[in-house]
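> below are the sequence and a predicted model; questions follow.
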Amino acid sequence: MRERLETDLIKAAVTGDIESYGELCESYYSAMVAISYSILGDHQLAEDSAQETFARALLNIRKLKNQDKFAQWLAAICRNVAKDMLSERNKISKNEALSKTKQENNENHEQINHAIEKLPSSMKELVVLRYYDGLSYEKISNVLGISKASINGRLTRAKRKMANYLKRNGFPENQS
């Protein structure tokens, strides 16, 4: 964090310091967008989901029992918000959203997205956090509450699964 330690910001935010909460939001914004994107598959909706996450977290921050788990607590709220949005979007028009996504992406990008979609949610979330959002293993570990070794193992398995999927579906092997 900028000038103050994260633990100080969390303590201040729990007691109602909006400025501290704002600094926490800035720090975790990109991670929440990435988590949302891993569920929603749409960057604009992911940004909306992140905003909603911070609003819900602010309303409930006084209920946070273990301040050391702030990042994991925030990530859990984010997953729920994104899942709610996905449910709502699917009710409105699943086909419309899929066709819009397909129109925006080129063929190779589509195949990679399909490979990511086929991954189990825990792997998909890691791939998006690491490769789309560029988070370090340390930040991912903090946000998800898992060890760096677990992150490495899951990412290795995820890449292998994606490579197998892409190969089965005719993706050219020598892409730059």
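Great, that's in hand. Numbers count the residues shown, from 1 in each chain.

> so what's the residue count around Leu45?
Using other CB atoms under 10 Å, Leu45 has 20 neighbouring residues. Just so you know, the C-beta spots here come from the backbone N, C-alpha and C atoms, and that holds for glycine as well.

> report the contact partners of the residue nearest in space to the middle of the chain.
In the chain, the residue lying closest to the centroid (CA atoms, centre = their mean) is Ile35, at 1.0 Å. The contact partners of Ile35, taken as CB atoms under 8 Å, 6 or more residues apart in numbering, are Ala75, Cys78, Arg79, Ala82, Glu125, Val128, Leu129, Val143.

> okay, now the unreliable bits of the protein?
1-4, 92-106, 172-176 (pLDDT under 70).

> if you set the cut-off to 50 instead, what comes out?
For the chain, the stretches with pLDDT under 50 are 1-3, 104, 176.

> so where do the helices sit in it?
Ranges of helices within the chain are 6-14, 18-40, 43-60, 70-104, 107-117, 121-127, 137-144, 148-168, based on DSSP state H.

> determine which stretch of those helices is the most buried.
Neighbour counts (mean count of other CB atoms under 10 Å) averaged over each of the helices of the chain peak at helix 18-40, with a mean of 21.

> out of everything not next to it in sequence, what's closest to Leu45?
Sequence neighbours aside, Met85 is the residue nearest to Leu45 in space, at 6.0 Å (criterion: CB to CB, 6 or more residues apart in numbering).

> which among the contacts of Ile35 gets closest to Leu59?
Proximity of those to Leu59 (CB to CB) peaks at Cys78, which lies at 14.3 Å.

> my guess is that closest one meets Ser36, correct?
Yes: counting by CB atoms under 8 Å, Cys78 touches Ser36, with 6.0 Å between them.

> mutual contacts of those two, please.
In contact with both Cys78 and Ser36: Ser49, Ala50, Thr53, using CB under 8 Å, 6+ apart.
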